[in-house]
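> here are the coordinates; sequence isn't available:
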């Protein structure tokens, strides 16, 4: 077994690998850029080596610097995590020349599966179902149009070396191909150094299912069940779960055996994932097709660990050291249900715009998970966290979510005996996940977990677009919950007022004096009255139990026999109360003066309809128009790159360009004015 390994990655996956290595008695080496000098993974590792500036191309993507760090510290092996160098065959070959082990698959398997065009041919030859598509790379837009019409719309344009949702565009007609083909090429070149693009048929109402593969160097290859990854946004996974509510034992066996055959065709060892697309319209479940193979550990691997009890990182290390797998296919079972949500620095209330910045407050619902101590049969290897809740993260309070890297803050993983119970745990944990200082998607994730369609298991990759066609405005809320929150606001207002009077020495020893408040929540005014132990809303009693100390930002309440965690944010006239996937702006006034609110001056926002506003921090890649040009609705005006993805900004109405305020190549702040219309 190795005595020391280097983790060629950062953030939560670096922390994740270090935890398992520590349990195995293996020393660890971290490498870090300028931006990560104070990151948790650097402090967790036994040693740390600085490898360059913040941009990944000048640090984490430089194989020479990783190898130099191995030599400097005596690391015998490298775990690549995911992203960066994890699927670069040349890196594996360079390590081999220096007699440094790679904790992952062989270079030939990475090369074969990393090319989407070649991997599809290999899959077909191995007997794996494949999606109809172009036979090779497409050179230009004209050829793309020819292939698209031959295959039949809708089609998906994909960068051959793409991944993580980058370098993919859906086309429903010729115009979409004309608009998107060259942009797909640029994304492939900018993100992966490869501008080859191919086209394949887009499966409508698709489900995204993936099979976890694990093999050793002695010929054993197993499949560790499936993961359901259908809930995506812009081809980026948002929610993952294991097992899938859709897959039957017969499907699982058929999928698993085909994926093992593909892995065997390239002499695969270590952990890997074969992604499949399944037609939701086929009730037999037999219409599944090969999508791609990821020759690395997946972001969503914790859900597989939770239902199997197998530490995938540990197995990767043991396989790299030459050990045989100790389990057989018959040993792989399914125990319970696990769900993972990706907590991102993005604002769902503003179209999911990236939200980089400092974590002023960061307090997860549990302190991750630990491998210390004896194994618990109900929590094998600590994979199921604390009471069924696990947080994998690599950030810290006061740290920054940088523009240079992926905007993921943490992964929230829950496990329970049933799917509904695992989802309920997610809702509870998300309520208690405190993040301040930047936008985040916690409310959105909670809304998904509560959504009737999610609970039914009727999922497709179109879930988010179909269920939130006008964007996200918060989870649906019942009238009973609104009344309960109004009562909570009344208790808070009374306690705050009592404290103020105590400071002025005007109050008796009673903590809560009687209160009579008008609470404006949503589009409704509620009259809340507190008298001794009784709380009424519009003269109807409310069953509320809570303890609140003025100044608290998070409180737990019992409302109608249900426990809720509420996050409080003071405003000028009340509070913003966040719970169950929605933020409620609550205005609180004493009833006797509430009528004065009708005479308050309303601030009218400026008219932005004649301006093209940059919706996110990013780079202005291309201006498609000039001053004086007349534009039509839907016409591309500008392309902005953010988080390595290109976003085409289009005209919402007919008009004439009056003024251009930015230049191509310019870095823009959020809400920067790119151009103005007459």
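Looks like it arrived, so ask away. Only a predicted model underlies this, so the values are computations on that prediction, with no experimental measurement involved.
> now do the longest helix seen in the chain, average pLDDT.
Assignment by DSSP state H gives helix 479-503 as the longest helix of the chain. For helix 479-503, mean pLDDT is 89.
> just how off-centre is that helix within its chain?
35 Å (Cα atoms, centre = their mean, to the nearest Å).
> pull out the buried positions in it.
Using 16 or more other Cβ atoms under 10 Å as the test for burial, helix 479-503 gives 481-498. Using the backbone N, CA and C atoms, a C-beta is placed for each residue, glycine as well.
> now do stretch 559-570
Here stretch 559-570 shows 559, 564-568 as buried, counting by 16+ other Cβ under 10 Å.
> please identify which helix or strand holds the nearest residue to residue 486 once chain neighbours are set aside.
In space, and not counting its chain neighbours, residue 486 is closest to residue 526: 3.9 Å by Cβ to Cβ, 6 or more residues apart in numbering. Under the criterion of DSSP states H and E, residue 526 resides in strand 524-531.
> quick check: mean pLDDT of that strand?
Mean predicted confidence for strand 524-531 is 92.
> just how off-centre is that strand within its chain?
On Cα atoms, centre = their mean, the centre of strand 524-531 falls 39 Å from the chain's centre.
> ok, back up a step: wouldn't the residue nearest to residue 486 be in contact with residue 485 here?
No: contact criterion Cβ atoms under 8 Å: residue 526 and residue 485 do not qualify, at 9.1 Å.
> let me see the contact set for the residue nearest to residue 315 when sequence neighbours are not counted.
Distance criterion Cβ to Cβ, 6+ apart; nearest residue to residue 315, sequence neighbours excluded, is residue 214 at 5.9 Å. By Cβ atoms under 8 Å, 6 or more residues apart in numbering, the contact set of residue 214 is 221-224, 270-272, 310, 312, 315, 319, 325.
> can you flag the buried ones in these?
For the contacts of residue 214, buried by 16+ other Cβ under 10 Å: 221-224, 270-272, 310, 312, 315, 319, 325.
> strands - which of those residues land there?
221-224, 270-272 (DSSP state E).
> ok so, going back, can you tell me what sits against the longest helix of the chain?
With Cβ under 8 Å, 6+ apart, helix 479-503 has contacts from 507, 511-513, 515, 517, 519, 521-522, 524, 526, 528-530, 535, 537-538, 540, 542, 544, 546, 548-550, 555, 557, 559-560, 564, 566, 568, 574-575, 577, 579-580, 584, 586, 588.
> from the residues you listed, list the buried ones, please.
Buried among those (16+ other Cβ under 10 Å): 515, 517, 519, 521, 526, 528-530, 535, 537, 542, 544, 546, 548, 555, 557, 559, 564, 566, 568, 574-575, 577, 579-580, 584, 586, 588.
> just the ones of those in strands?
515, 517, 519, 521, 526, 528-530, 535, 537, 544, 546, 555, 557, 559, 564, 566, 568, 574-575, 577, 579, 584, 586, 588.
> how about stretch 158-166: buried residues?
158-164, 166.
> can you give the distance from that stretch to the centre of its chain?
Going by Cα atoms, centre = their mean, where stretch 158-166 is centred and where its chain is centred differ by 17 Å.
> contacts for that stretch?
Against stretch 158-166 from outside (Cβ under 8 Å, 6+ apart): 83, 87, 114-117, 137, 167-168, 184-185, 187-188, 191-200, 232, 234-237, 292, 294, 644-645.
> again with stretch 329-337
Contacts of stretch 329-337 (Cβ under 8 Å, 6+ apart): 222-225, 241-243, 306-310, 415-419, 421-422.
> backbone phi and psi for residue 120, please?
Phi and psi for residue 120, reported as degrees, to the nearest 10, are phi -70, psi -40.
> need the three-state assignment for the most centrally placed residue in the chain.
Residue closest to the average C-alpha location in the chain (Cα atoms, centre = their mean): residue 342, at 3.3 Å. Three-state call for residue 342 (DSSP: H, G, I helix; E, B strand; the rest coil): strand.
> residue 237 is in contact with that one, correct?
Yes: Residue 342 is within contact range of residue 237, at 6.9 Å (criterion: Cβ under 8 Å).
> now the common contact residues for these two.
residue 299.
> please enumerate the strands of the stretch 101-250 of the chain.
Residue ranges of the strands in the stretch 101-250 of the chain, as given by DSSP state E, counting those that start in this stretch, are 101-102, 155-163, 166-171, 197-201, 206-215, 221-228, 232-233, 236-237, 239-242.
> deepest in the core, which of these is it.
With neighbours taken as mean count of other Cβ atoms under 10 Å, those reach their highest mean count in strand 239-242, at a mean of 28.
> packing partners for it?
Applying 3 or more Cβ pairs under 8 Å, 6 or more residues apart in numbering; DSSP states H and E, we find strand 239-242 packed against strand 221-228, helix 301-308, strand 337-344.
> what angle sits between the first one and helix 301-308?
Here strand 221-228 runs at 110 degrees with respect to helix 301-308, directions being taken by axes from the mean of the first three to the mean of the last three Cα atoms, to 10 degrees.
> let's verify residue 268: helix, strand, or coil?
Criterion first, three-state DSSP; result for residue 268: coil.
> contacts for the strand holding residue 526?
Here strand 524-531 has contacts from 482-483, 486-487, 489-491, 494, 512, 514-520, 535-539, 591, 594, using Cβ under 8 Å, 6+ apart.
> how about a cut-off of 7 Å?
482-483, 486-487, 489-491, 494, 512, 514-519, 536-538, 591 (Cβ atoms under 7 Å, 6 or more residues apart in numbering).
> coming back round to it: which among the contacts of residue 214 gets closest to residue 144?
Residue 144 has its nearest neighbour among the contacts of residue 214 in residue 272, at 30.4 Å by Cβ to Cβ.
> what sits against residue 656?
Neighbours of residue 656 in contact, by Cβ under 7 Å, 6+ apart: 628, 630, 677-678.
> go again with 8 Å.
628-631, 677-678 are the contacts of residue 656 under Cβ under 8 Å, 6+ apart.
> repeat for residue 431
Here residue 431 is in contact with 446, 564-567, 579-580 (Cβ under 8 Å, 6+ apart).
> can you give the domain ranges for this structure?
4-103, 106-131+208-230+246-330, 134-201, 336-476, 479-599, 611-677 (automatic domain parsing).
> those domains: lowest mean pLDDT?
Among these, domain 479-599 carries the lowest mean pLDDT (a mean of 86).
> just how off-centre is that domain within its chain?
The answer for domain 479-599 is 34 Å, by Cα atoms, centre = their mean.
> thought residue 519 was touching residue 585?
No: Residue 519 lies out of contact with residue 585 (Cβ under 8 Å); the separation is 11.1 Å.
> any common contacting residues for these two?
residue 574.
> quick check: residue 665 vs residue 639, distance?
12 Å (Cβ to Cβ, to the nearest Å).
> picking that back up, closest one of the contacts of residue 431 to residue 38?
Distances from residue 38 to the contacts of residue 431, taken by Cβ to Cβ, are shortest for residue 567, at 26.6 Å.
> hmm, the closest one is touching residue 436, no?
No: the criterion here is Cβ under 8 Å, and residue 567 misses it with residue 436 at 9.1 Å.
> what pairs with the helix or strand encompassing residue 414, and is each one parallel or antiparallel?
Here residue 414 sits within strand 408-416, counting by DSSP H and E. Sheet pairing for strand 408-416, assigned by DSSP bridges, gives strand 337-344 (antiparallel), strand 389-393 (antiparallel).
> make JSON lines out of those strands and add distance to residue 611.
Output for these, formatted as JSON lines (distance: least, Cβ to Cβ, whole Å):
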{"stretch": "strand 337-344", "distance to residue 611": "27"}
{"stretch": "strand 389-393", "distance to residue 611": "38"}
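> for residue 441, find the nearest of those.
strand 337-344 (5.0 Å).
> PyMOL command to pick out the buried ones of the contacts of residue 656?
In PyMOL syntax, the buried subset of those is picked out as below (16+ other Cβ under 10 Å):
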select buried, resi 631+677
